[in-house]
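K.L.:
Okay, predicted coordinates and the sequence, questions at the end:
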Amino acid sequence: MDKIKTQLRRLRYYTKKDFLTVHNVATAAALILGLVFSYNTITATTRNWQLEQKMKERSLEAKVLQLEVDTLKLEQEYYKTEEYQEIMARAKQGKMLDGETMVILPDNSEKAIKKYEDFDGDTTSERSNFEEWLDFLFS
């Protein structure tokens, strides 16, 4: 037991004399302060960057909303014009100007409805160019 106490005293003595000198304590304090300062600087910079990104995003949203408002104002002005009102009166109510005649066309026939029903958008055909011309000219 005395041996352990002696070793602890030696350890305490060497710690005080070798490690806890003014120079070592000042160096450790400077290192700790430097680390704390660096950490705080990095976190503040990160926070500022994130806030700047949010500000840019909100600014873009505000510009988009302003464009939408401007578009709606232009649409509203267009709806107030006589040109639009005349077009809508013709389309919805069948109105016409003096001197115009209204032409009412019959509904499409079944042949006209089914003509493009099977069309899949592919313009390539297995028929020859001559057959296409014959179909165009005589049908």
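P.N.:
Nice, thanks for sending it over.

K.L.:
Quick one: mean pLDDT for the longest helix along the chain?
P.N.:
Counting by DSSP state H, the longest helix found in the chain is helix 22-80. Helix 22-80 carries an average pLDDT of 96.

K.L.:
Repeat that for stretch 96-109.
P.N.:
78.

K.L.:
List the contacts of it.
P.N.:
Residues external to stretch 96-109 that are found in contact with it (Cβ atoms under 8 Å, 6 or more residues apart in numbering): 90, 94. Yep, even glycine has a C-beta here, placed from its N, CA and C like the rest.

K.L.:
List the buried residues for stretch 37-57?
P.N.:
Within stretch 37-57, no residue is scored as buried using 16 or more other Cβ atoms under 10 Å.

K.L.:
picking that back up, does anything pack onto the longest helix of the chain? Which helices or strands?
P.N.:
Applying 3 or more Cβ pairs under 8 Å, 6 or more residues apart in numbering; DSSP states H and E, one finds that helix 22-80 contacts no other helix or strand.

K.L.:
How far off centre is that helix?
P.N.:
Chain-centre distance of helix 22-80: 18 Å, with Cα atoms, centre = their mean, to the nearest Å.

K.L.:
got the contact list for the helix or strand following that helix?
P.N.:
Heading C-terminal from helix 22-80, the first helix or strand you meet, by DSSP states H and E, is helix 82-93. Here helix 82-93 makes contact (Cβ under 8 Å, 6+ apart) with 78, 95, 96.

K.L.:
mind checking how far the first one is from residue 104?
P.N.:
For residue 78, the distance to residue 104 under the criterion Cβ to Cβ, to the nearest Å works out to 29 Å.
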